[in-house]
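# one predicted model, sequence on top.
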Amino acid sequence: MPLYVYEVVLPDGSGGEQFEVIQRMSADPLTKHPETGEPVRRVFGEPNTPRAWTDMQGKAAVSDKNLAAKGFTKYVKTGDGTYDKTAGTGPKKLKRGK
C-alpha cells in the first residue's frame, strides 16, 4: 500500500503540519486529521523511482576489487582450458583436465 503525505490546512489556507498515512490506492483521500479532526489535504511529492543503471556502475560492480571484497573469486581464460585468478582467494591457476 502506498504512503501518502497530508498537511493540515490552516485558517488562512496555507499548509501546516505534515504527516504520513499508509492507505489503499482505492481509498478516498482524508479530509480530516485522524487524531485532531482538523481539515487536511493530500500533498503531492516526488515519486520514489529507481535510478538508471549506467555502464560505469556495471563495470564497478564486477571490478576485481569489488568482487574480492564481496568474497568472490574471478578467473580469466588465458589459454585452451587454462584460467588465471584475477581476484579473490583460491588456486592461482585452474586447468581443465582432458
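Perfect, I can see it now.
# hang on, Tyr83 in a strand?
Yes. Residue state for Tyr83 (DSSP: H, G, I helix; E, B strand; the rest coil) corresponds to a strand.
# that one contacts Leu94, correct?
Yes. When contacts are counted by C-beta atoms under 8 Å, Tyr83 is listed as touching Leu94 (4.3 Å). To be clear about C-beta, it is placed using only N, CA and C from the backbone, and glycine gets the same treatment.
# please name the bridge partners of Tyr83.
Assessed by DSSP bridges, Tyr83 has beta-bridge partners Lys77, Leu94.
# confidence score at it?
On pLDDT, Tyr83 comes in at 93.
# please renumber so the chain begins at 53
Got it, the first residue is 53 from now on, which makes the last one we talked about Tyr135.
# count the residues that sit near it.
Neighbour count of Tyr135, defined by other C-beta atoms under 10 Å: 17.
# roughly how far does it sit from Val128?
Using C-beta to C-beta, to the nearest Å, Tyr135 is found at 6 Å from Val128.
# where are the low-confidence patches of this protein?
For the chain, the stretches with pLDDT under 70 are 100-102, 150.
# what do Tyr135 and Leu146 both touch?
Residues touching both Tyr135 and Leu146 (C-beta atoms under 8 Å, 6 or more residues apart in numbering) are Tyr127.
# what segments of the chain are strands?
Counting by DSSP state E, one finds strands in the chain at the ranges 55-61, 67-74, 92-95, 126-131, 134-139, 145-147.
# partner strands of the third one, with direction?
It stands for strand 92-95. strand 55-61 (antiparallel).
# so which bits of the partner strand are buried?
Tyr56, Tyr58, Glu59, Val60, Val61 (16 or more other C-beta atoms under 10 Å).
# what's the answer for stretch 93-110, then?
Buried-residue list, stretch 93-110, by 16+ other C-beta under 10 Å: empty.
# just the C-alphas of it, formatted as CSV.
What follows is stretch 93-110, C-alpha atoms only, in CSV (Å, rounded to 0.1, in the frame of the first residue of the first chain):
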residue,chain,number,x,y,z
ARG,A,93,-5.2,17.9,2.1
ARG,A,94,-3.1,15.4,0.3
VAL,A,95,0.4,16.7,-0.7
PHE,A,96,1.9,15.5,-3.9
GLY,A,97,5.5,14.7,-3.5
GLU,A,98,8.4,13.4,-5.6
PRO,A,99,7.9,9.8,-6.7
ASN,A,100,10.5,7.3,-5.5
THR,A,101,11.8,5.8,-8.7
PRO,A,102,14.9,3.8,-9.2
ARG,A,103,17.8,5.4,-10.9
ALA,A,104,19.0,4.3,-14.3
TRP,A,105,21.9,1.8,-14.2
THR,A,106,24.9,3.2,-16.1
ASP,A,107,27.8,1.3,-17.8
MET,A,108,30.2,2.8,-15.2
GLN,A,109,28.2,1.4,-12.3
GLY,A,110,28.1,-2.0,-14.0
